[in-house]
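> Here is my input, please return the structure:
(chains A and B)
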Amino acid sequence: MAIQVKEREHQDVETEQLMSGCEAIAEAIRLADVDVMAAYPIRPYDGVMQAAAKLIANGKMDVEYIVADGEHSQFEIVKHACAVGSRVFVGSSGVGWFYAFEAIAVTAGLRLPVVAICGNRALDDPGAFGTEHNDSLAVRDLGWLLPWAETAQEAMDLALMAWRVGEDKRVSLPVAIGLDGAFLTHSQQIVMVPTQAAVNKFLPKFDLGDRLLHPDNPITIAPQVDQDWLMEIRMQNDQAMRKAHDVITEAHADFKKLFGRGGDSPFLDEYMTDDAEFVFFGQGTLALPMKVAIRRLRKEGHKVGLVRLKWFRPFPTQEIVKSLSRFKAVGVIDRDYSFGSPYYGGVLYNEVRSALYSLDKRPTIVGFIAGLGGREIEQPMATDIFEKTKTAAGSIKSGDMTHWIGVRS
Amino acid sequence: MSDPKETSITVEVVYRGIFQKTLAQRICRSIVLAARKRGHTGTAFARYGDSPERNGVPAKQFAVVAINDLELEASMAKYEPAVVDVSIAVDDTLVKGVESWAWYGRQPIWKPVKKDGFVLVTSDKSPDDVLAQTDTAERPYSLVVVPGGASFAGLWVFKDDHTDYRVLGALAKIAPDWVRLDDVMALIKEQTKDESAVQSARYGYDAAKMRQVKAGEGTSGHEKLQFTKPGWTTMRTGIVVDARKPGERNPQYKKYTARTLRPVVNFDTCIKCTMCWLDCPDECFEVTPEGHYEVVYQACIGCGICAQVCPVKDCIVMVDELRFEDNEDKWQFWKKDRDGYNKWFEAKSGVSADPKVRTPAARQEGSGNANPSANPTSASGGDD
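Residues are numbered from 1 along each chain as shown, chains lettered A, B, ... in the order given. Next up, the predicted model:
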């Protein structure tokens, strides 16, 4: 098996452990030598809180661990700590994430590379714990980099990438890693944990340069401005997001060289697409049931594959154009909703369609909303998605609709 | 009364933030409502960037009146009018220039006024005296002086001294195609049921003094203060602004155009108690080699707190800003020529430099109500 070969190749730089997605993130906090983390409990993010507290209690990690009085303070604390030069970590879930929204917005505006996780959870009401991506996606326009993990291993790897990319002076933007509640945050998987020496090779020390808020470097940050200033400031953020694409590519190449993981593309994970006519497209843990379905459908003779998106922001437009234009039809599976949007589709569906709009030859793109609130995407649902995608192929217009999958009438 | 030759008229009211906000709003609203009486349409609005306003800092409100809705829209396509027909300054010291925000620079009062337009100023001074402190004109305009001192009130209150009625009367004189005196008087009658208010409009109409200003007239003595704003490639990243070094003042924002009165110091009676230096909210006082405190007029907004906290009678006197041509510090003057300085002090302030001589009660004619140092927004201030 390929993965065992990799273990042997890199056994001097890593050890194997069984851990949940939250524990993998806590390990990444330790390995990144984070200076300040702020915490406030909400499920499923609080798994990271507990795992990090345990590492501190066991003397394995030295970090300023501040328990805040709520998510707004929690995110403000790391924003300020970051401005004075600390490497920081923070996180939340669902409506807790929303309670921090003001701090989340200003962090991106201030170009402070806070690294967060959003343990994806349905927004209240009704109170629910299961995964939906609308909490993370709500910040999609603000200048946060938004990667999504599929496995505990990828959660750890993306976290290490997040500090490297976010703190890069060409980018200097916050990063929020999407972790599906339960499926990833609370499932224990085999994870290769890098050694400290290996991580030190990958992740340089955090340096804010001349933006460091310090008595020896007197500056004012975030003054009030009028209409004469905002567009230039927004333009700077836009440029930083554009540069993030190349910085991610560089970091991905270095990471792969050191640890042998991460796949061919930093942005897309393709599964059985070489000869595929139809593909599923989505992000996060829904890749797993879809891969199982693909293997089953291929036994029945269907040429089907999966394209999993790893970074939602920056949206890898050119990579997506290049990949998806090879197929007859794409079934975009959204674990989110965007009520009242074009064709009542999910967020991914409309972003993908927008990216492919100007192509002369483009696949039919059909929208699916599935797995909301942590509902499992079971094999009959996957088959249903495949059948609908295949049926729509050949007519662009037949993709102008969104199917809700596995919903009771 | 003829029909307008133009399709719209734009009027701006330049005023002192907070103290005159309600006044400016009333003038702008009344312009539209009076014009409405003869069938015109219009809108009144504030410059959004001026809010939240700060005490005394020059701010603007506007009234646009047009012959129909399409023309009104056409003249509103730019939110802040770049060109106005009439600029109304409701405090005569505003003619020394307008600096509303950092990087705004110091703008001549006539800057947006079109050729042959009007600058209308409320003042007790003659048009020549007002013009003497106005920047050199680049194009001809008419300077109109409406008798009266600057009317100051607080944030939630309005000082009804009929300034708005006098201004509306004067406006009817210079823009009768748009605002007729009869309509102004009828409007005020409806609004106030007060005949004296109606007569104030007529007084403004009758007493307004007009002077044609040719290009080249005015003073060239005011500081040029203009900036080129940085672009996204030259701006610092992350909304970062260089902090000022200790003792350094903000080069992009001087704020002295917020001043209606300026503090003048009698160095002979100063007891060097530090109160002015301690309490000045803008850190305007510099310590001299002999321990005196001299005002840096480049930074002083004329709030008057120094004069209020000074324990020595008439040691710091607040004086009408329009009596001064420059922003130079004055301690050197006193150091070199005490007698000369004291004569200058007496001439400007109307106060004897000798503390043994009793000072006349009315030491500042014409500026009795123009005193933000009796700050109506403070607890001790009245709301009239």
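> and the residue nearest to B:Met318 when sequence neighbours are not counted, bridged to which residues?
Ranked by C-beta to C-beta, 6 or more residues apart in numbering or on different chains and with sequence neighbours excluded, the top spatial neighbour of B:Met318 is B:Leu261, at 4.0 Å. C-beta coordinates here come from the backbone N, C-alpha and C atoms, glycine included. Judged by DSSP bridges, the bridge partners of B:Leu261 are B:Asp320.
> Can you show me the helices along the chain?
You didn't say which chain, so I picked chain A. A:2-9, A:21-31, A:46-57, A:71-83, A:94-99, A:101-109, A:134-137, A:152-167, A:196-202, A:230-259, A:287-299, A:317-324, A:347-356, A:379-392 (DSSP state H).
> not quite, I wanted chain B
Counting by DSSP H, the helices of chain B are B:21-36, B:69-75, B:127-131, B:163-174, B:181-192, B:195-207, B:275-279, B:305-309, B:331-336, B:338-349.
> gap between the second one and the chain center?
In terms of C-alpha atoms, centre = their mean, to the nearest Å, the gap separating the centre of helix B:69-75 from the centre of its chain is 30 Å.
> Name the residues of the stretch 1-150 of chain A found near chain B, please.
Proximity of the stretch 1-150 of chain A to chain B is confined to A:109-112 under the rule C-beta under 8 Å from any C-beta of the partner chain.
> right, and the helices of chain A - which one's nearest B:Ala74?
Checking the helices of chain A against B:Ala74 by C-beta to C-beta gives helix A:230-259 as the closest, at 24.9 Å.
> list the helices and strands that closest one packs on?
helix A:101-109, helix A:152-167, strand A:188-194, helix A:196-202 (3 or more C-beta pairs under 8 Å, 6 or more residues apart in numbering or on different chains; DSSP states H and E).
> could you redo the last one with a cut-off of 10 Å?
If you count contacts as 3 or more C-beta pairs under 10 Å, 6 or more residues apart in numbering or on different chains; DSSP states H and E, helix A:230-259 packs onto helix A:101-109, helix A:152-167, strand A:188-194, helix A:196-202, strand A:311-313, helix A:317-324.
> what does the average pLDDT come to for the shortest one?
In this case it means strand A:311-313. Averaged over strand A:311-313, pLDDT sits at 98.
> In its sheet, which strands sit next to that strand, and in what direction?
Paired with strand A:311-313 in the same sheet, following DSSP bridges, are strand A:146-147 (antiparallel).
> Of all residues in chain B, which one is nearest the centre?
B:Leu94 (3.1 Å; C-alpha atoms, centre = their mean).
> returning to that earlier point: with mean neighbour count and distance to B:Tyr15 as extra columns, can I get the helices and strands packed on helix A:230-259 in JSON lines?
What follows is these, written out as JSON lines (neighbours: other C-beta atoms under 10 Å in any protein chain shown; distance: least, C-beta to C-beta, whole Å):
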{"stretch": "helix A:101-109", "mean neighbour count": "20", "distance to B:Tyr15": "33"}
{"stretch": "helix A:152-167", "mean neighbour count": "26", "distance to B:Tyr15": "47"}
{"stretch": "strand A:188-194", "mean neighbour count": "19", "distance to B:Tyr15": "65"}
{"stretch": "helix A:196-202", "mean neighbour count": "15", "distance to B:Tyr15": "60"}
{"stretch": "strand A:311-313", "mean neighbour count": "24", "distance to B:Tyr15": "46"}
{"stretch": "helix A:317-324", "mean neighbour count": "17", "distance to B:Tyr15": "51"}
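> closest one to B:His292 among those?
Among these, if distance is taken as C-beta to C-beta, the winner is helix A:101-109, at 45.0 Å.
> Check B:Trp156 and give its pLDDT.
At B:Trp156, pLDDT is 82.
> for B:Pro4, same thing?
At B:Pro4, the pLDDT recorded in the model is 80.
> Now do the contacts for it.
B:35, B:38, B:40, B:65-67, B:175-178 (C-beta atoms under 10 Å, 6 or more residues apart in numbering or on different chains).
> so where's chain A uncertain?
Chain A contains residues with pLDDT under 70 at A:1-11.
> What about A:Thr185, how many residues nearby?
Residues lying near A:Thr185 (other C-beta atoms under 10 Å in any protein chain shown) number 30.
> residues in contact with the spatially closest residue to it that is not a sequence neighbour?
Nearest residue to A:Thr185, sequence neighbours excluded (C-beta to C-beta, 6+ apart): A:Pro44, at 4.0 Å. Contacts for A:Pro44 (C-beta under 10 Å, 6+ apart) come out as A:20-22, A:91, A:93-94, A:117-121, A:129-131, A:179-186, A:374.
> cutoff 8 Å now
A:Pro44 sits next to A:22, A:93, A:119, A:121, A:129, A:179, A:181-182, A:185-186 when contact means C-beta atoms under 8 Å, 6 or more residues apart in numbering or on different chains.
> neighbours around A:Trp404, how many?
13.
> Just send the helices of chain A back as a markdown table, with distance to B:Val113 too.
Converted to a markdown table, the helices of chain A look like this (distance: least, C-beta to C-beta, whole Å):
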| stretch | distance to B:Val113 |
| --- | --- |
| helix A:2-9 | 76 |
| helix A:21-31 | 63 |
| helix A:46-57 | 63 |
| helix A:71-83 | 45 |
| helix A:94-99 | 50 |
| helix A:101-109 | 38 |
| helix A:134-137 | 51 |
| helix A:152-167 | 51 |
| helix A:196-202 | 64 |
| helix A:230-259 | 28 |
| helix A:287-299 | 67 |
| helix A:317-324 | 50 |
| helix A:347-356 | 48 |
| helix A:379-392 | 65 |
